[in-house]
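> Fold the following, please.
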Amino acid sequence: MIKVKSRGNETVEQMLRRFKKMCEKEGLTKDIKRNSYYEKPSERRRRRQRKSVKRVLLEKG
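The predicted structure is shown next:
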């Protein structure tokens, strides 16, 4: 769980910005976007396949 504590006289906007950055680092925003709609198993398989191909191509090149 991500917790953000106030630093001195920090504004709420600054705390919110820090919270969003922490969420990005943890990969929460990607996870939420991915789970926000239904993805068919075949689409999920295709996406994972493309991702693995990209990874292999980057390692070779």
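
> continuing past the helix or strand of the chain with the lowest mean pLDDT, what's the next helix or strand?
Taking mean pLDDT, DSSP states H and E as the measure, the chain has helix 28-35 as its least confident helix or strand, at a mean of 85. Later in the chain than helix 28-35, the nearest helix or strand by DSSP states H and E is helix 41-60.

> which helices and strands does that next one pack with?
Packed against helix 41-60 by the contact rule (3 or more Cβ pairs under 8 Å, 6 or more residues apart in numbering; DSSP states H and E) you find no helix or strand. The C-beta positions use only the backbone N, C-alpha and C, and glycine is treated the same way.

> quick one: contacts of it?
Glu39 (Cβ atoms under 8 Å, 6 or more residues apart in numbering).

> hang on, the earlier thing: distance from the least confident helix or strand of the chain to the middle of the chain?
In terms of Cα atoms, centre = their mean, to the nearest Å, the centre of helix 28-35 is found 6 Å from the chain centre.

> just the CA coordinates of that helix, formatted as CSV?
Provided in CSV are the C-alpha atoms of helix 28-35 (Å, rounded to 0.1, in the frame of the first residue of the first chain):
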residue,chain,number,x,y,z
LEU,A,28,-0.5,0.6,-10.5
THR,A,29,-1.7,2.9,-13.2
LYS,A,30,-0.9,0.4,-16.0
ASP,A,31,-2.6,-2.3,-14.0
ILE,A,32,-5.8,-0.2,-13.4
LYS,A,33,-6.0,0.7,-17.1
ARG,A,34,-5.5,-2.9,-18.1
ASN,A,35,-8.3,-4.1,-15.8
